[in-house]
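Peer 1: Have a look; sequence and predicted model below, questions after that.
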Amino acid sequence: MLRIAIVEDEELYVKQIGEYVERYGRENRVEISTIVFGDGAEIVKDYQNVYDIILFDIAMPRVDGMAAAGRIRELDEDVVIVFITNMPQYAVRGYEVGALDFMVKPITYPLFSMRLGRAIGRARKRSDEQILLSVGGSVKRIGVRHIYYVEVQNKMLHYHTDEGEYVLRGTMQGALSELGRHHFVRCNYWYVVNLMHVSEVKKDTVVVAGEELAVSRRNKTAFLAALTEYMGGGQGWSG
């Protein structure tokens, strides 16, 4: 399901944009969930990076869309930002916060549909390389490239990342089902490794982001085969 936030203070446009999003989802068989924020201050407060797309108005009474987008971009480098506004003079500034697109009010459905389709395409490309983690009562979106390895201890999963460690309840099988297609491979009962971050293989260990993890006899053959395939068959890993 795609998650779209609409940040708009004018009820007329809240209704219109909501109807356009609903129509797009119906016509294109895309499941979309929307949430509305009446001001930039509302979405910035306690922001969680769970949205795929944010549709921003610019002129709002408390925190304008440009300022809110700038703050969000500091917290979430991946969310797709689109401005829908009657202030075209801000178009250039929109690209400073990594906005994908800029629509000028009043908007028609054909134009909106085309631009939303583009935004969804970008969001899907990015979401294919991201997962959602439920941590401490909130949800965090994280790119798989930032995950070094996952460790299981006492029915808790420890995600070791370049941002630190995230701990949540879960099973290794569940982690593997989500991460397996992203070149994560089990090296022993307790660890699933992101092959992107493997720098060395020793006799019975693998070095991942500077950490040495044991490679069990049971998993060694499959692990080395997966690593060799990931590296293009040219490494000739041995041990």
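Peer 2: It's in.
Peer 1: rest of the way, CA atoms for contacts and neighbours
Peer 2: Will do.
Peer 1: Let me see the ranges of the helices in the protein.
Peer 2: Counting by DSSP state H, residue ranges of the helices within the chain are 11-28, 40-44, 65-75, 91-96, 109-127, 172-179, 217-230.
Peer 1: OK, contacts around the residue positioned nearest the centre of the chain?
Peer 2: Among the residues of the chain, the smallest C-alpha distance to the mean C-alpha position (C-alpha atoms, centre = their mean) belongs to Q130, namely 4.2 Å. Q130 makes contacts with 141-144, as judged by C-alpha atoms under 8 Å, 6 or more residues apart in numbering.
Peer 1: quick one: it from E8, how far?
Peer 2: Summarising the geometry, the distance separating Q130 from E8, computed by C-alpha to C-alpha, to the nearest Å, is 27 Å.
Peer 1: for L100, same thing?
Peer 2: Taken as C-alpha to C-alpha, the span from L100 to E8 is 18 Å.
Peer 1: Would you map out the domains in the chain?
Peer 2: What automatic domain parsing lists as the domains of the chain is 2-127, 131-230.
Peer 1: Quick check: which ranges of this structure have low pLDDT?
Peer 2: Applying pLDDT under 70 to the chain flags the ranges 90-92, 127-128, 233-239.
Peer 1: Dump the domains of the chain into CSV; add mean neighbour count as well.
Peer 2: Converted to CSV, those look like this (neighbours: other C-alpha atoms under 10 Å):
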stretch, mean neighbour count
domain 2-127, 17
domain 131-230, 17
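Peer 1: rewinding a little: tell me which of the helices of the chain lies nearest to I53.
Peer 2: With C-alpha to C-alpha as the criterion, I53 lies closest to helix 109-127 of the helices of the chain, at 6.9 Å.
Peer 1: Take the closest one, keep the C-alpha atoms, and write them as PDB.
Peer 2: Coordinates of the C-alpha atoms in helix 109-127 are reproduced here as PDB (Å, rounded to 0.1, in the frame of the first residue of the first chain):
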ATOM      1  CA  TYR A 109      -7.300  15.700 -13.100                       C
ATOM      2  CA  PRO A 110      -5.400  14.700 -16.300                       C
ATOM      3  CA  LEU A 111      -2.400  16.800 -15.200                       C
ATOM      4  CA  PHE A 112      -2.600  15.500 -11.700                       C
ATOM      5  CA  SER A 113      -2.900  11.900 -12.800                       C
ATOM      6  CA  MET A 114       0.200  12.200 -15.000                       C
ATOM      7  CA  ARG A 115       2.300  13.800 -12.200                       C
ATOM      8  CA  LEU A 116       1.000  11.500  -9.500                       C
ATOM      9  CA  GLY A 117       1.900   8.500 -11.700                       C
ATOM     10  CA  ARG A 118       5.400   9.800 -12.000                       C
ATOM     11  CA  ALA A 119       5.700  10.300  -8.200                       C
ATOM     12  CA  ILE A 120       4.400   6.800  -7.600                       C
ATOM     13  CA  GLY A 121       6.900   5.400 -10.000                       C
ATOM     14  CA  ARG A 122       9.700   7.100  -8.100                       C
ATOM     15  CA  ALA A 123       8.300   6.000  -4.700                       C
ATOM     16  CA  ARG A 124       8.000   2.400  -5.800                       C
ATOM     17  CA  LYS A 125      11.500   2.300  -7.000                       C
ATOM     18  CA  ARG A 126      12.700   3.600  -3.700                       C
ATOM     19  CA  SER A 127      10.400   1.500  -1.600                       C
END
